[in-house]
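[1] heads up, no residue letters with this:
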């Protein structure tokens, strides 16, 4: 069977969260963080190693809080995302403090990955089922066309991914009849409403279907995609206008949507009814603690997560 890796994007600053580094906030009864549950589910599903993408300045805390513990369970590698880590010929724009986005984050792993891999956000809980189903997809012999990069994505129901405490950004998916992704639209500030969900903008609320399928940045990818990320990042940087230099981001949903439109990627949406939860806002943390507690009571997890 093919080897597979879990890649965890944990370099984000956590700008909306307020205090502390949100990815390292304990949510389990014995100090477990959301990543513990993600890694547990991935290893149970059959993944063979974990790659953490972090900022270099977080390394000491990160290893102490989770990394050293996970090294006892599986192979662990680190990739470091930095604003200055740019292709030859480019320099960081003066004054820029915002990370370059999820595309650059995954690109940091290019020398560590020779196997298919799943990418996730560090601060999102995805449920057990998506890991099993994406792993099954990655290890099968797909017989894909050589001129198209095979990609898969966990497709969550929008209504299962909203926060009670403010707007969220989601990649809303368009699909064909065979479950292939035909387009993805990054949509900001989606809020819960009495009727379901809406996009909150300057002109008020625009309703959106709560049954829409959305991307939660849980992608199944291959090393061929990393080559595409590398050439695409050069294009992205070349095309930046002076106005975009401070804030523009190289984002996985936008990159993958572009490849679909060019006919260079085929993306299978793997449907899941799993309920997402995560810590977008400080106020979300208590709800996550309660959700984990409930899963333990239901027997989904042991009280001591990695207890043999």
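    Yep, it's here. Since we're looking at a predicted model, the values are computed, not measured. Numbering: from 1, shown residues only.

[2] low-confidence regions, the stretch 151-300 of the chain specifically.
    With pLDDT under 70 as the threshold, the stretch 151-300 of the chain has no low-confidence stretch at all.

[3] sheet-wise, list the partners of the longest strand seen in the chain with their directions.
    Counting by DSSP state E, the longest strand found in the chain is strand 181-193. Sheet pairing of strand 181-193 (DSSP bridges) gives strand 168-175 (antiparallel), strand 196-201 (antiparallel).

[4] most packed of those?
    Ranked by mean neighbour count, the strands paired with strand 181-193 are led by strand 168-175 with a mean of 20 (mean count of other CB atoms under 10 Å). In short, each C-beta sits where N, CA and C put it, glycine included.

[5] next one: it to chain centre, how far?
    A distance of 13 Å separates the centroid of the chain from that of strand 168-175, by CA atoms, centre = their mean, to the nearest Å.

[6] stretch 192-212 now?
    23 Å.

[7] nearest to residue 104 among the strands paired with strand 181-193 would be which one?
    strand 168-175 (17.4 Å; CB to CB).

[8] list of residues touching that closest one?
    153, 155, 158, 161-162, 181-191, 208, 212-217, 253, 269, 280 (CB atoms under 8 Å, 6 or more residues apart in numbering).

[9] for the longest strand of the chain, which positions count as buried?
    For strand 181-193, the neighbour count (16 or more other CB atoms under 10 Å) marks 181, 184, 187, 190-192 as buried.

[10] what does stretch 233-250 give?
    Going by 16+ other CB under 10 Å, stretch 233-250 has these buried residues: 233, 236-237, 248-250.

[11] endpoints of it, how far apart?
    7 Å (CA to CA, to the nearest Å).

[12] try stretch 91-111
    With CA to CA, one end of stretch 91-111 sits 21 Å from the other.

[13] quick one: it to chain centroid distance?
    Counting by CA atoms, centre = their mean, stretch 91-111 is centred 15 Å from the centre of its parent chain.

[14] could you give the average pLDDT over it?
    If you average the pLDDT over stretch 91-111, you get 93.

[15] for that stretch, which outside residues touch it?
    Against stretch 91-111 from outside (CB under 8 Å, 6+ apart): 7, 9, 11-13, 51, 53, 79-81, 83-86, 117, 119, 217, 221, 226, 229-230, 232-233, 236, 245-247, 249-252, 254-255.

[16] which members of those are classed as buried?
    For those, buried by 16+ other CB under 10 Å: 7, 9, 11-12, 51, 53, 79, 81, 86, 117, 119, 217, 221, 226, 229, 232-233, 236, 249-252, 254-255.

[17] isn't residue 153 up against residue 181?
    Yes. Using CB atoms under 8 Å, residue 153 is in contact with residue 181, at 6.4 Å.

[18] circling back: who's in contact with the longest strand of the chain?
    Residues outside strand 181-193 that contact it (CB under 8 Å, 6+ apart): 153, 158, 162-164, 166-176, 197-201, 205, 207-208, 215, 251, 253-254, 256-257, 260-261, 267-269.

[19] with stretch 293-308 instead?
    By CB under 8 Å, 6+ apart, stretch 293-308 touches 28-30, 32, 36-37, 40, 69, 73, 128, 292.

[20] mind putting those residues in TSV, neighbour count, secondary structure and distance to residue 149 included?
    Listed next are those as TSV, based on neighbours: other CB atoms under 10 Å; DSSP: H, G, I helix; E, B strand; the rest coil; distance: CB to CB, whole Å:
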residue	neighbour count	secondary structure	distance to residue 149
28	20	coil	36
29	14	coil	41
30	12	coil	41
32	20	coil	35
36	22	helix	31
37	22	helix	30
40	19	helix	29
69	15	helix	34
73	12	coil	31
128	18	helix	27
292	22	helix	35
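
[21] mind checking pLDDT for residue 307?
    You'll see residue 307 listed with a pLDDT of 71.

[22] alright, that wraps it up for me.
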